[in-house]
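Undergrad: requesting a structural model of the entry that follows:
(3 chains)
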Amino acid sequence: MGVIHEIDHGTPASRDERRVTLTIDGQQVSVPAGTSIMRAATALGTTVPRLCATDSLQAFGSCRLCLVEIEGRAGTPASCTTPVAEGMVVVTQNPRLAKLRKGVMELYISDHPLDCLTCAANGDCELQDMAGAVGLREVRYGYDGDNHLCDVKDESNPYFTYDPSKCIACSRCVRACDEVQGTFALTIAGRGFESRVAASQAEPFLGSECVSCGACVQACPTATLIEKKVIEVGQPEHSEITTCAYCGVGCTFKAEMRGEEVVRMVPFKDGKANRGHSCVKGRFAWGYATHRERILNPMIRSSTAEPWREVSWEEAIGYAASEFKRIQQKYGRHSVGGITSSRCTNEETFLVQKLVRTAFANNNVDTCARVCHSPTGYGLKTAFGTSAGTQDFDSVEHVDVALIIGANPTDGHPVFASRLKQRLREGAKLIVVDPRRIDMVRTPHIEADFHLPLRPGTNVAVLSAMAHVVVTEGLVNEAFVRERCDWSEFQDWAAFVSDPRHSPETLEPLTGVPAADLRGAARLYATGGNAAIYYGLGVTEHSQGSTTVMAIANLAMATGNLGRPGVGVNPLRGQNNVQGACDMGSFPHELSGYRHVADDAAREMFEAVWGVDIDHEPGLRIPNMLDAAVEGAFKGIYIQGEDILQSDPNTKHVAAGLAAMECVVVQDLFLNETAVHAHVFLPGSTFLEKNGTFTNAERRIQRVRKVMAPRNGYEDWEITQLLSNALGYPSTYTHPSQIMDEIAALTPTFAGVSFTALDEHGSIQWPCNAISPAGTPVMHMDGFARGRGKFVVTEYVPTDEKTGPRFPLLLTTGRILSQYNVGAQTRRTDNVLWHEEDLLEIHPHDAEHRGIRDGDWVKLHSRAGATTLRAQITDRVAPGVVYTTFHHPATQANVVTTEFSDWATNCPEYKVTAVEVSISNGPTEWQERYEAAAARSRLVVRAEPAE
Amino acid sequence: MSASRHQDWDAAASGEVIAAHAGQQGALLPILHALQARFGWIRDEDVPLIAQVLNLSRAEVHGVLTFYHDFRRSPPGRHVLKLCQAEACQARGSRDVTAHAEQKLGVAIGETTADGRVSFEPIYCLGLCASGPAALVDGVPVARLGVEAMDRLLDGALT
Amino acid sequence: MSAANAERLVYMANQIAYFFVSQPGDKAALQIADHLNAFWDPAMRRAIGAHLEAGGEGLLPSTAQAVRLLQQATPKTVERALHAAGEPSPGHDPGDDAG
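TA: Residues are numbered from 1 along each chain as shown, chains lettered A, B, ... in the order given. Have a look, this model is predicted:
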């Protein structure tokens, strides 16, 4: 296929609905009003020479190459900055223009290294292309004048190099950092001949304000900013379109390859979620696939005290199957279960839940959504009838007011944050509800109109107070409510929130939010135009997570902010395929498509195809599996792509549960923390090594395409199939597309989905059925799924996790940009340069009170456990609140989190833990014992070579 | 203005200057001018302080700061001599005056003498074209600055 | 079943009860029972039933009522009764995602 080259139209598309017809080089063309002449020319297949113009950025007009002649206008205007006009007559090539362009190129080349043949950009250099396009034959200035050929390279960033000697000062990198990424980390320092690209205050890139998103590298027309991998190995020779395996944005990439080696991941301009942008993780941090710690051979051991033994696939699968059978024989059918991965494909996840329901013959299957967005599923299903977000990411372009609650998009969903920032810079307003002063509150060119720094655990109270303002100040959209919702339920709810006990003033002592700010924020949300709510785990990971989601839905319904672009309730789903995992029936109570196992009609459909009876009672959720394990009733588990020991709360309890089991099978890329307790390790495959689909936070199903053979020998779905066969349930798929066909046949909302349809449409947002054969971008346009939207009374129930004299501070947790979740992938890439350890953010007052200085080792303890890490003094957290991340196993942040969870879904209350922080000498005893045990448990006895 | 009128720098004092001008429309240039007027030159440490108050990135402030030669990024000499380099003064012999001053001071135009006595800088057109060569000497306009007059200046007022 | 496990089940069931008791109308016991049927595996439901038989220490009144319903009626009966009372069953009802 070759490398995919997208057409670069030079300037962004115009949204104007009026059309203009003009003549370019004698040919007529009709384009939207506001289109540049340059872009109109590309519609005719004509490329006007240019260097500073690219269609991801606003026109700049600095390079002076794209000059054209316009009949009736003097001079030679730049075609990038000149919009079309009705009846305009343009000439893009003639001797005068040719002479001017050659002159411009001569100037560029007089100060440029002439090392094309050995330059990393050879074959992919726009300067080279333009020199050819303008017919450059000589440089009359010669090469002996002042030049920049001795400028020093900056190789500080692990992924790309900045070589100023090749820079033509086109400013594309600066503009990309400003317009696309929104970080403004680059500038042109100096003027005239001295103009040079500078990161922050002319610092090395690493350490400057740069967040390494790579937008500048992508924009650079020369080898000035280029990936180190390209320098090392050369230009790619073919590419495949695939989807990122990190977060729920689901960026589309072109994987550019040399044979089976990835050279670089370049965002695909037509990616519907990312529109040509990416973050540091998706673009650069894929090296974990070839990391030396990756396990490539199956291993087994009869007890976790022994070292691992490398064995053949046949032996490992056979051993696992025989163990599961033995356990079920001895302890009963319900004594085993599985955990599906939110990072594996839809097809793979479907197969794991199918294995549990067929080969294990029970419903003990669950997934990581348990610990992140399960309250979204419950809450939105109750309110709207669908367990997923209502909009697509494009919707952000129509937002007038964005309310972000419990989410930190610049860190967790960076590409979405960049798009939101673009809209905010256009004038949209922002409300942030978060205990911390996250970046979105104030970052260059962005300032939240309201930041409500609530006390952790008081989400429902804050939302009730906002609802109080909306109802008592007459800001309800009555027409919407009457038409779309149940009016009597609304009245019950309105009476509830209007009660004076829910006023912002009354609740201020509880929430810590000044009443005036809360009233202002509520009024802005209700009256500011299109208002959209974006929320994350700061909403769901609480004992009232589901209640909070319903409170959010209440606000959106009461103000009529649903059913069109620019509004909605948008859960920012964390993992690349957590939405998909939920869709695929990974929950113990649901089959694919969110149908309860007790639903006879649904179950019978599956039974007919699968040829077995399916248990009609709900199975065990992960926390309940662990409880049952400690009780002695649950003894075996098949875990695919999830590290529950590091990511689930109350580590000691998880460890106790795993240790009590007799057969723990872990299918993963690395020996993770859960594997410390495993008896069978099945090496898994990465997203580069398999075909399948991921579903992102927009319900968008996208293709994952294999670009290299699985280094471990099998794609993940093949391994599950081997296990299923060994367990006695025949599985004979030969390609993942067949699995998707089965999913489509059994799941009405997926009815129209197939690999062929995905190839045709690029991506499909479910529901995709006869009514919407190409998918559904915005939901509830004509009405709610359940008929009428449901207002739910949301009484505030304080968490039982209370601060007191022993534990006076509240710990909340989160993520940062460069690391992803437990860090399994990102810690095995150069991203460790940015975040080598988890730090504890603590307010200066709290630190001073305890004699803690910046960088000191501190002990963080709760009633659940203790750990040690370094302190970072900052006023981003309020007094009384501390914050840390959970990316490094050495920190064991979850040793301190508790067993409290959401009432409806058991989603753990990670966001509220009562803790104390004190000076420490070093790691806690638990950490030391754990490290030693983990190290022992990772010993591997290699297989003997055959004689 | 001579160097003796400049104040010692510290972050708090810088912050005060920044705050005093931050409310203006397009506050960045007035702030940079004010900082230079108060402290004599713009320090690297000023940049993050300005960026924080105006909610810009450090890169953006750095870009503006380095674009204008008039913003000094290192301490000025005790005296600042700006000699006009524009065409009318050239026609009145400013090139010779420039060369002479460079030779006498031992620096090229645009530099400060090693002993910190004089910063010798170019400037373009003071509007005294009929009486060139013209210059600003510690902010005070001076005209008819021929070679001998330059000598007297360098030996006299600019010690 | 261990005391620790009983305590945990009681805690979780009461948490569910707090929500439904706060809803208008008087259907909390039905709603709690339906929730438990939809989301708790049978062993857990039996365990809390046994705890009720053994005195039901710590169970809120509505929770106790709901657990009794679990013992007396099948999940389908409870679901039907809930629908008859005009309430949805968030656990059991198919959503739009079901097609």
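
Undergrad: show me the residue sitting in the middle of chain B in space.
TA: Central residue of chain B (C-alpha atoms, centre = their mean): B:D70, 5.3 Å from the mean position.

Undergrad: next up, the contacts around that residue.
TA: Not one residue lies near B:D70 by C-beta atoms under 8 Å, 6 or more residues apart in numbering or on different chains. All C-beta atoms are positioned from the backbone trio N, CA, C, and that covers glycine.

Undergrad: for it, what are phi and psi?
TA: Torsion angles at B:D70 (phi, psi; degrees, to the nearest 10) stand at phi -70, psi -20.

Undergrad: what of A:E203?
TA: Backbone dihedrals for A:E203, given as degrees, to the nearest 10, come out at phi -100, psi 170.

Undergrad: repeat that for the one 10 residues further on.
TA: Here is the backbone geometry of A:C213 (degrees, to the nearest 10): phi -80, psi -20.

Undergrad: quick one, domains of the chain?
TA: Chain wasn't specified; assuming chain A. As assigned by automatic domain parsing, chain A contains the domains A:19-133, A:160-290, A:320-370+A:578-765, A:374-571, A:809-936.

Undergrad: that's the wrong chain, I meant chain B
TA: Domains of chain B are assigned by automatic domain parsing as B:3-67, B:79-157.

Undergrad: let me have those domains in a markdown table, adding mean neighbour count and distance to chain A as columns.
TA: A markdown table is the format used below for the domains of chain B (neighbours: other C-beta atoms under 10 Å in any protein chain shown; distance: least, C-beta to the nearest C-beta, whole Å):
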| stretch | mean neighbour count | distance to chain A |
| --- | --- | --- |
| domain B:3-67 | 17 | 3 |
| domain B:79-157 | 17 | 12 |
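
Undergrad: check contacts around residue 94.
TA: Using chain A. Counting by C-beta under 8 Å, 6+ apart, A:N94 has contacts A:E69.

Undergrad: wait, chain C was what I had in mind.
TA: Going by C-beta under 8 Å, 6+ apart, C:P94 touches A:593-596, A:599, A:602.

Undergrad: kindly recompute the last result at 6 Å.
TA: The neighbourhood of C:P94, defined by C-beta atoms under 6 Å, 6 or more residues apart in numbering or on different chains, consists of A:R595.

Undergrad: what bits of chain C have low per-residue confidence?
TA: Across chain C, the ranges flagged by pLDDT under 70 are C:1, C:95-99.

Undergrad: spatially central residue for it, please.
TA: So for chain C, C-alpha atoms, centre = their mean, it's C:A33, sitting 2.6 Å from the centre.

Undergrad: which residues in the stretch 601-750 of chain A form strands?
TA: All strands of the stretch 601-750 of chain A, identified by DSSP state E, counting those that start in this stretch, fall at A:636-640, A:663-668, A:680-683, A:692-695, A:700-704.

Undergrad: what's in contact with the fourth one?
TA: Strand A:692-695 is touched from outside by A:243, A:345-347, A:576-577, A:579-580, A:701-704, A:736, with contacts defined as C-beta under 6 Å, 6+ apart.

Undergrad: the lowest-mean-pLDDT helix or strand in chain A: which residues count as buried?
TA: Ranking every helix and strand in chain A by mean pLDDT, DSSP states H and E puts helix A:925-937 at the bottom, with a mean of 83. For helix A:925-937, burial by neighbour count (16 or more other C-beta atoms under 10 Å in any protein chain shown) applies to A:926-927, A:930, A:934, A:937.

Undergrad: residues contacting the following helix or strand past that helix, please?
TA: The element immediately downstream of helix A:925-937 (helix or strand, assigned by DSSP states H and E) is strand A:940-941. The contact list for strand A:940-941 (C-beta under 6 Å, 6+ apart) reads A:307-309.

Undergrad: mind listing what the residue of chain B found nearest chain C touches?
TA: Closest approach between chain B and chain C, counting by C-beta to the nearest C-beta: B:N55, at 42.1 Å. Residues in contact with B:N55 (C-beta under 6 Å, 6+ apart) are A:444, A:447.

Undergrad: could I get the contacts of strand A:940-941 as CSV with neighbour count and pLDDT?
TA: Below are the contacts of strand A:940-941 laid out as CSV (neighbours: other C-beta atoms under 10 Å in any protein chain shown; pLDDT from 0 to 100):
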residue, neighbour count, pLDDT
A:P307, 12, 94
A:W308, 24, 96
A:R309, 16, 96
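
Undergrad: between those, which sits nearest A:P798?
TA: The shortest approach to A:P798 among the contacts of strand A:940-941 belongs to A:W308, at 46.5 Å (C-beta to C-beta).

Undergrad: quick check: the closest one touching A:S302?
TA: No - A:W308 sits out of contact with A:S302 when judged by C-beta atoms under 6 Å, with a separation of 11.0 Å.

Undergrad: common neighbours of those two, please.
TA: By C-beta under 6 Å, 6+ apart, A:W308 and A:S302 have no common neighbours.

Undergrad: pipe the buried residues of helix A:925-937 into a markdown table and attach distance to chain C per row.
TA: Shown next, in a markdown table, are the buried residues of helix A:925-937 (distance: C-beta to the nearest C-beta, whole Å):
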| residue | distance to chain C |
| --- | --- |
| A:W926 | 21 |
| A:Q927 | 25 |
| A:Y930 | 23 |
| A:A934 | 27 |
| A:S937 | 27 |
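
Undergrad: of those residues, closest to A:L817?
TA: Closest approach between these and A:L817, by C-beta to C-beta: A:Q927, at 25.8 Å.

Undergrad: for A:L688, give its distance to A:H291.
TA: 13 Å (C-beta to C-beta, to the nearest Å).

Undergrad: with B:L32 instead?
TA: 48 Å.

Undergrad: now do B:C89
TA: Going from B:C89 to A:H291 by C-beta to C-beta gives 67 Å.

Undergrad: what sits up against the helix or strand encompassing A:L424?
TA: Secondary structure from DSSP H and E places A:L424 in helix A:414-425. Residues outside helix A:414-425 that contact it (C-beta under 6 Å, 6+ apart): A:181-182, A:249, A:251, A:274, A:277, A:279, A:393, A:396, A:399, A:409-410, A:430, A:445-446, A:817.

Undergrad: run a quick neighbour tally on residue 65.
TA: This is for chain A. Here the number of neighbours of A:L65 (other C-beta atoms under 10 Å in any protein chain shown) works out to 24.

Undergrad: ah, I was thinking of chain C
TA: C:Q65 has 17 nearby residues by other C-beta under 10 Å.

Undergrad: would you confirm that it contacts C:A29?
TA: Yes - between C:Q65 and C:A29 there is a contact under C-beta under 6 Å: 3.9 Å.

Undergrad: show me how far stretch A:644-660 is from its chain's centre.
TA: Put simply, stretch A:644-660 sits 26 Å off its chain's centre (C-alpha atoms, centre = their mean, to the nearest Å).

Undergrad: who's in contact with residue 41?
TA: Assuming you mean chain A. A:A41 touches A:24, A:48, A:92, counting by C-beta under 6 Å, 6+ apart.

Undergrad: meant chain C actually
TA: C:D41 is in contact with A:618-620, counting by C-beta under 6 Å, 6+ apart.

Undergrad: between those, which sits nearest C:Q71?
TA: Nearest to C:Q71, judged by C-beta to C-beta, of the contacts of C:D41 is A:P618 at 17.2 Å.

Undergrad: let me know the pLDDT of the closest one.
TA: Looking at A:P618, its pLDDT is 95.
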